[in-house]
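Student: please find the sequence and the predicted model below.
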Amino acid sequence: MTRRPPARRRKRGGSARRRRSGHPNGLWLLGGLAAVIAFSLVMALLSWLAAHPWVLILILVTAVGVGWLWLRRRQEAARWEQVRSRGLRYAVEHLDGLHYDDFEFAVRDLMHRDGCADAQKVGGRGDNGADVKATDPYGRRWVIQCKHRVRHEVALLSGRR
């Protein structure tokens, strides 16, 4: 005599979609209530501003002043950046005496001076040999590997003092 597998029982509670959906009328009521409250708050704020117009004028004057200051600072920063980049020059002796990390920053600054607006120093662990990356005004991508070692010259001193 062979045994038959037990018959599968049907799960109660209907389909999974019906169980997840919940009751949609509750969400509509909650959304409608939130909309009514938001509308009431906006109307109360507008009526208060109508009764106190000086507040609106004060906010407007403050916003214009902050915008003007922000614009002036950006213009001033741009002017200083132009002055700094025009005057950026390195003598070979100066470059020769830099630490290797400072040398990479100097190469980045020179690339930026020469029109590569996105020049960035990326050297470090895991840089795949790229120390400075930049895109020139013609759209060409530059990947630069800097090699720099400081020479330590030892002066031989004679025995005389």
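Tutor: Cool, got the structure. Please read all numbers here as calculations on a predicted model, not as lab measurements.
Student: show me what the helix or strand harbouring residue 72 is packed against.
Tutor: According to DSSP states H and E, residue 72 maps onto helix 53-86. With contacts defined as 3 or more C-beta pairs under 8 Å, 6 or more residues apart in numbering; DSSP states H and E, helix 53-86 has these neighbours: helix 100-113. From N, CA and C alone the C-beta is placed, and that goes for glycine too.
Student: average pLDDT for the next helix or strand after the helix holding residue 72?
Tutor: Note on helix 53-86: by DSSP H and E, the next helix or strand toward the C-terminus is helix 92-96. Average pLDDT, helix 92-96: 84.
Student: any idea how far helix 92-96 is from the chain center?
Tutor: 34 Å (C-alpha atoms, centre = their mean, to the nearest Å).
Student: repeat for stretch 39-55
Tutor: Worked out by C-alpha atoms, centre = their mean, stretch 39-55 lies 37 Å from the chain centre.
Student: what's it in contact with?
Tutor: residue 56 (C-beta atoms under 8 Å, 6 or more residues apart in numbering).
Student: report the residue ranges of every domain in the chain.
Tutor: Domain segmentation of the chain under automatic domain parsing yields 27-83, 90-144.
Student: wait, which of these is closest to residue 2?
Tutor: domain 27-83 (53.6 Å; C-beta to C-beta).
Student: give the rounded mean pLDDT of that closest one.
Tutor: In the prediction, domain 27-83 has an average pLDDT of 92.
Student: tell me the contacts of the spatially most central residue of the chain?
Tutor: Centroid-nearest residue in the chain: residue 118, 13.6 Å away (criterion: C-alpha atoms, centre = their mean). Residues near residue 118 by C-beta under 8 Å, 6+ apart: 133, 134, 135.
Student: of those residues, just the buried ones, ChimeraX syntax please.
Tutor: Buried residues among these (16 or more other C-beta atoms under 10 Å), as a ChimeraX selection:
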select :133,134
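Student: and the helix or strand hosting residue 47, how far out from the chain's middle?
Tutor: Using DSSP H and E, residue 47 sits within helix 24-51. Distance of helix 24-51 from its chain centroid, counting by C-alpha atoms, centre = their mean, is 36 Å.
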